[in-house]
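Colleague: Model the following, please.
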Amino acid sequence: MQRKAYVPGVAALLAALLAGCTGGSDDGATSDNSNPGQPGVATEAAEPGKYRTLPEPCGAVGDKALGSLLPGLQEIADEEQREKAYAGEPTLAYDTDRKVGCRWKVESADATDHLFVDFERVVSYDKAVSDDSEAERLFAERVEAADLPEPVISESASASGSSSASGTPSSGEPTAGPSGTPSAPAASGSGSSSTTPSSSASDGAASTELQPRLLDDLGDEAFVDDELSSSGSTAKRRTVTVAFRTSNVMVTVEYAEQSATLGVVPDSEEMQDKARKLASQLADSLGG
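Modeller: Numbering: from 1, shown residues only. Model (predicted):
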């Protein structure tokens, strides 16, 4: 399904951040190098970021969380192989104080699960730009690149809101008869019960609630992405990504599952719940 980009305020935020980095002073003050030989106005160095180091990535995810995200771990009979699977595999890192990550891949009778956790500490090389501001700019670029769809408002919610605003009762609500007593609601044209939603309506509500979106309960800012792709013939692979920023550290949790049974689609709600729970635990461990 083609997405319609929805990045509220991101473009404006990027423009503001760039203007702050490149724009001149409103009061006409010059930098030390703008007028050689003349006294300049010293630029106050921006505050450093809250975080100076990063956690050890493979140890950042506890065994309980791994057991929930990777159920195949319990099916590994060999103890040495099981311990190796729990340990994960660190990604190549040239500077462990700047960027680290860890991967897990476990097969079970039902599916193959992948987990990737990445930590990145942002450092600004511009003394006039704080580490937090630079991290905010970079995270805004990530949100824009995610191409999140525009939030969908269900027709029933929209109709209810417009009815309340206009004072006109919505369909299904009793209307006052000539004597002032409520009369029965008008029957719908389809003949279906007004109190029993159709399966398609229920599915639509679920997909709206689980669509890729911004999150307001994780770190300083966050989003969740959810993509379903086909691999091979009809095997389905779902990838849920939860990314968040806390001060000058950006964290990514990527959780993917491919069913072992053709035609079986990994459950979006369950995978999002697990990925968001892990991301919340990582945020807590950072002290953010």
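
Colleague: Show residues contacting the longest helix along the chain.
Modeller: In the chain, taking DSSP state H as the definition, the longest helix is helix 268-286. Helix 268-286 is contacted by residues 51, 55, 60-62, 65, 68-69, 117, 206, 210, 215, 218-219, 222, 224, 226, 228, 238, 240-242, 244, 246, 249, 251, 253, 255, 257 when judged by C-beta atoms under 8 Å, 6 or more residues apart in numbering. Quick note: C-beta positions are derived from backbone N, CA and C, even for glycine.

Colleague: Enumerate the positions of that helix that are buried.
Modeller: Counting neighbours by 16 or more other C-beta atoms under 10 Å, one finds that the buried residues in helix 268-286 are 268, 271-272, 274-276, 278-283, 286.

Colleague: same deal with stretch 211-226?
Modeller: Of the residues in stretch 211-226, 211-215, 218-226 count as buried by neighbour count, 16+ other C-beta under 10 Å.

Colleague: Could you work out the end-to-end span of that stretch for me?
Modeller: 7 Å (C-alpha to C-alpha, to the nearest Å).

Colleague: ok, back up a step: so for the longest helix of the chain, mean pLDDT?
Modeller: In this model, helix 268-286 carries a mean pLDDT of 96.

Colleague: What of stretch 118-129?
Modeller: Across stretch 118-129, pLDDT averages out at 94.

Colleague: got the contact list for that stretch?
Modeller: Applying C-beta under 8 Å, 6+ apart, the contact partners of stretch 118-129 are 20-21, 43, 45-46, 49, 51-55, 57, 60, 91, 97-101, 130-131, 133-135, 138, 248-252, 254.

Colleague: All the helices of the stretch 151-288 of the chain, residue numbers only.
Modeller: Assigned by DSSP state H, counting those that start in this stretch, the stretch 151-288 of the chain shows helices spanning 155-166, 199-210, 268-286.

Colleague: List buried residues within the contacts of helix 268-286.
Modeller: Of the contacts of helix 268-286, these count as buried by 16+ other C-beta under 10 Å: 51, 55, 60-61, 65, 69, 117, 210, 215, 218-219, 222, 224, 226, 238, 240-242, 244, 246, 249, 251, 253, 255, 257.

Colleague: Take those and keep only those in strands.
Modeller: Judged by DSSP state E, the buried ones among the contacts of helix 268-286 include 117, 215, 222, 224, 226, 238, 240-242, 244, 246, 249, 251, 253, 255, 257 as members of strands.

Colleague: which one of those residues sits closest to Ala145?
Modeller: Lowest distance from Ala145 to these (C-beta to C-beta) belongs to Thr241, with 11.3 Å.

Colleague: on that earlier part again, let's have the buried residues of helix 268-286 in TSV, adding distance to Glu144.
Modeller: TSV is the format used below for those (distance: C-beta to C-beta, whole Å):
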residue	distance to Glu144
Ser268	23
Met271	24
Gln272	21
Lys274	26
Ala275	21
Arg276	21
Leu278	24
Ala279	20
Ser280	24
Gln281	27
Leu282	23
Ala283	22
Leu286	24
